[in-house]
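> predicted model follows, preceded by the sequence.
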Amino acid sequence: MRTPVIAPSILSSDFARLRDEVDEVIRAGCDWIHIDVMDGHFVPNLTLGPPIVKALRRHVQATFDVHLMVESPERWIPAFVDAGADILTVHYEATPHVHRALQMIRESGKRAGLALNPGTSPDGLSYLLADVDLVLVMTVNPGFGGQSLVPSTLAKVAEVRRMLDDAGRQDVHVEVDGGIHAGTIRQARDAGADVFVAGSAVFDEPDRALAIESLRAALRE
Ligand code: DX5
Ligand code: ZN
């Protein structure tokens, strides 16, 4: 069994207190910080860019898991590498040059993730199995926090895990993002995920340590 990684998404945090919010979930025992970057084109929402990531990086040592929900992400990879991202995930749907984008990330010495929207087949992954360090199976349609998990995505988690295992890529993380809370996390784990993004399930709770512990408890049940 892989050690589960809990990655709170700062999308649901209080942006006016961003550094304190990040410090708090780190003290509360999370593993990675998930940073949602949205460009208003690939998804109907706008969030933050490299300057915010860079500003946080000066104060925070934790792994920054940067989820690029932007069109043509290859244009932005150098800026996020420079800002201090550790993992950069690009969407399969966001560029005709997804292989090139993954290569750019790895050539920068960072870990490369490939994200799949709920309506995207995992077939394309079969040509990218050697080029990823993480596969992010979106369990909601990207753009907003607080949505319900799309049930059909769990079968895709299992399919992705199987493809990676068959290719001898047991080292690759399978991440789920969207609608993950104490009532759904175990199903995602049973399907084969090992990285769990949680936005509202962590930041909408007043006690973040308790929120993260309930996620871990649900995984142990
Ligand atoms: C959605 C983002 C998620 C979002 C998850 O586009 O990629 O990271 O913050 O939020 P919850 O956990 O509330 O569904
Ligand atoms: Zn995300």
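Arrived safely, thanks for sending. Numbers count the residues shown, from 1 in each chain. Ligands and ions are numbered 1, 2, ... in the order given.
> tell me the contacts of residue 48?
Contacts of residue 48 were listed using C-beta atoms under 8 Å, 6 or more residues apart in numbering, and they are 15, 35, 37. Heads up, the C-betas are built off the backbone N, CA and C, glycines and all.
> give me the phi and psi angles of the first one.
By that I understand residue 15. The phi/psi pair for residue 15 (degrees, to the nearest 10) reads phi -60, psi -20.
> next, the contact list for it, please.
Counted by C-beta under 8 Å, 6+ apart, residue 15 has contacts residue 48.
> for ligand 1, what are the nearby residues on this protein?
9, 11-12, 34, 36, 67, 140, 142-143, 145-147, 177-180, 197-201 (C-beta under 6 Å from any ligand atom).
> of those, which belong to helices?
Among the residues of the chain next to ligand 1, DSSP state H puts 200, 201 in helices.
> now which of the residues of the chain next to ligand 1 would you call buried?
For the residues of the chain next to ligand 1, a burial check counting by 16 or more other C-beta atoms under 10 Å picks out 9, 11-12, 34, 36, 67, 140, 142-143, 145, 177-180, 197-201.
> in this structure, which residue sits closest to ligand 1?
Taking C-beta to the nearest ligand atom, ligand 1 has its nearest neighbour within the chain at residue 199, 2.9 Å off.
> that residue is in contact with residue 6, isn't it?
No - the pair residue 199 / residue 6 is not scored as a contact, 11.8 Å apart, by C-beta atoms under 8 Å.
> circling back: redo the contacts of residue 48 as JSON lines? Include pLDDT and distance to residue 132.
JSON lines is the format used below for these (pLDDT from 0 to 100; distance: C-beta to C-beta, whole Å):
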{"residue": "15", "pLDDT": "98", "distance to residue 132": "30"}
{"residue": "35", "pLDDT": "99", "distance to residue 132": "19"}
{"residue": "37", "pLDDT": "99", "distance to residue 132": "19"}
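> intersect those with the contacts of ligand 2.
Subset of the contacts of residue 48 in contact with ligand 2: empty, counting by C-beta under 5 Å from the ion.
> the residue in the chain that ligand 2 sits nearest to and residue 176: what is the separation?
Nearest residue of the chain to ligand 2, counting by C-beta to the ion: residue 67, 3.8 Å away. Residue 67 sits 12 Å away from residue 176, taking C-beta to C-beta, to the nearest Å as the criterion.
> overlap in contacts of those two?
Common neighbours of residue 67 and residue 176 (C-beta under 8 Å, 6+ apart) are 136, 197.
> for residue 89, give me its contacts.
65, 66, 67, 68, 112, 113, 114, 115, 134, 136, 175.
> quick one, phi/psi of it?
phi -110, psi 130.
> find the nearest non-adjacent residue to it, please.
Spatial nearest neighbour of residue 89, chain neighbours left out: residue 113 (3.0 Å); criterion: C-beta to C-beta, 6 or more residues apart in numbering.
> now do the SS call for that neighbour.
Under DSSP: H, G, I helix; E, B strand; the rest coil, residue 113 falls in the strand class.
> for it, list each beta-bridge partner.
For residue 113, the beta-bridge partners under DSSP bridges are residue 89, residue 134.
> quick check, it in contact with residue 87.
Yes - with contacts counted by C-beta under 8 Å, residue 113 reaches residue 87, the gap being 5.7 Å.
> which residues do those two both contact?
If you check residue 113 and residue 87 against C-beta under 8 Å, 6+ apart, the residues they both contact are 65, 133, 134.
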